[in-house]
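Peer 1: sequence unknown, structure follows:
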């Protein structure tokens, strides 16, 4: 008696593992993007609070350095955010492709199992 061919099942398992890995990478990229967006929001909140400071002497001494620091930090965070969004878009396409492959494999396996 011939042994049952388990290759299709193993292929489906591999497809599922690859899909889970791609979704995990996408999840990490989304978390990274959200972390950078939160850092930008925090930085902007600090700048708004500093601008609302009523102490004229402190503002006269600190305003220029605060603004420069804010602009430099904001520029760096904007660059990080652009990279994070680009990476997330790439990983989203990869996850969609991997998901499609997994679904195609499942469809093929279901059809061959019905025969």
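Peer 2: Yep, it's here. If you're wondering where the values come from, they're calculated on a predicted model, not measured in any experiment.
Peer 1: I'd like to know which elements the strand or helix carrying residue 93 is packed against.
Peer 2: Per DSSP states H and E, residue 93 falls inside helix 56-114. Helices and strands touching helix 56-114, by 3 or more Cβ pairs under 8 Å, 6 or more residues apart in numbering; DSSP states H and E, are helix 7-51. Where you see a C-beta, it was placed from the backbone N, CA and C, and this is true even at glycine.
Peer 1: now the helix it packs on: mean pLDDT?
Peer 2: Averaged over helix 7-51, pLDDT sits at 92.
Peer 1: Show me what that helix is packed against.
Peer 2: helix 56-114.
Peer 1: Please list all residues in contact with residue 80.
Peer 2: residue 36 (Cβ atoms under 8 Å, 6 or more residues apart in numbering).
Peer 1: Please shift the residue numbers so they start at 14 in all later answers.
Peer 2: Sure, I'll start numbering at 14, so the last one becomes residue 93.
Peer 1: quick one: pLDDT of it?
Peer 2: 98.
Peer 1: One more: the one 3 residues further on?
Peer 2: Per-residue confidence for residue 96 comes out at a pLDDT of 98.
Peer 1: Give the burial count for it, as a bare number.
Peer 2: 13 (other Cβ atoms under 10 Å).
Peer 1: With residue 100 instead?
Peer 2: Residue 100, neighbours per other Cβ under 10 Å, totals 16.
Peer 1: could you list every residue that touches it?
Peer 2: 42, 45.
Peer 1: returning to what we had before: tilt between the helix holding residue 106 and helix 20-64?
Peer 2: Angle, helix 69-127 to helix 20-64, by axes from the mean of the first three to the mean of the last three Cα atoms, to 10 degrees: 170 degrees.
Peer 1: what about helix 69-127, distance to the chain center?
Peer 2: In terms of Cα atoms, centre = their mean, to the nearest Å, the centre of helix 69-127 is found 4 Å from the chain centre.
Peer 1: And stretch 25-39, by the same measure?
Peer 2: With Cα atoms, centre = their mean, you get 16 Å for stretch 25-39.
Peer 1: How about it, which residues are buried there?
Peer 2: 25, 28, 31-32, 35, 38-39 (16 or more other Cβ atoms under 10 Å).
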